[in-house]
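*Asks:* What would the 3D arrangement of this be:
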Amino acid sequence: MVSKCANPDCSATFRYFHQGRLFRVDTSSRLDRRRSMGNGDSPNRPLRRLEFYWLCENCAQKMTLVFEKDAGIVPRPNALTRSAAA
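*Replies:* Predicted coordinates for the structure are as follows:
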């Protein structure tokens, strides 16, 4: 469940979908975490999982979220913001 802005430097709390920007990330879990859900389920196929992240309206104007292998989902300056500042 999304409860606060994904920017660790921001303390804004999530209240409404129309404020800020919601990100949906489709991830795969390890094979050993998959439970068999019936005959048609392949035990070798990784379980897909949806995760949601939210940037408040203020942070969403100047940053986006990216995946980094070592850190996971992290906020980064938006490309449009960087080019406007140059």
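
*Asks:* From what I see, residue 5 and residue 14 are in contact.
*Replies:* Yes - the pair residue 5 / residue 14 is scored as a contact, 7.5 Å apart, by Cβ atoms under 8 Å. C-beta coordinates here come from the backbone N, C-alpha and C atoms, glycine included.

*Asks:* what about these two, which has more around it?
*Replies:* Comparing residue 5 with residue 14 by other Cβ atoms under 10 Å, the one with more neighbours is residue 5, at 22 against 18.

*Asks:* Let me know the pLDDT of that one.
*Replies:* pLDDT for residue 5: 96.

*Asks:* Could you measure from it over to residue 62?
*Replies:* Taking Cβ to Cβ, to the nearest Å as the measure, residue 5 falls 12 Å from residue 62.

*Asks:* Please look at residue 12 and residue 5 and confirm they touch.
*Replies:* Yes - between residue 12 and residue 5 a contact is recorded at 4.4 Å, counting by Cβ under 8 Å.

*Asks:* Mutual contacts of those two, please.
*Replies:* Shared contacts of residue 12 and residue 5 (Cβ atoms under 8 Å, 6 or more residues apart in numbering): 20, 56, 59.

*Asks:* where along this structure do the helices fall?
*Replies:* For the chain, the helices defined by DSSP state H occupy 57-60, 79-85.

*Asks:* In contact with the residue lying closest to residue 66 once chain neighbours are set aside, which residues?
*Replies:* Nearest residue to residue 66, sequence neighbours excluded (Cβ to Cβ, 6 or more residues apart in numbering): residue 76, at 5.0 Å. When contacts are counted by Cβ under 8 Å, 6+ apart, residue 76 touches 63-66.
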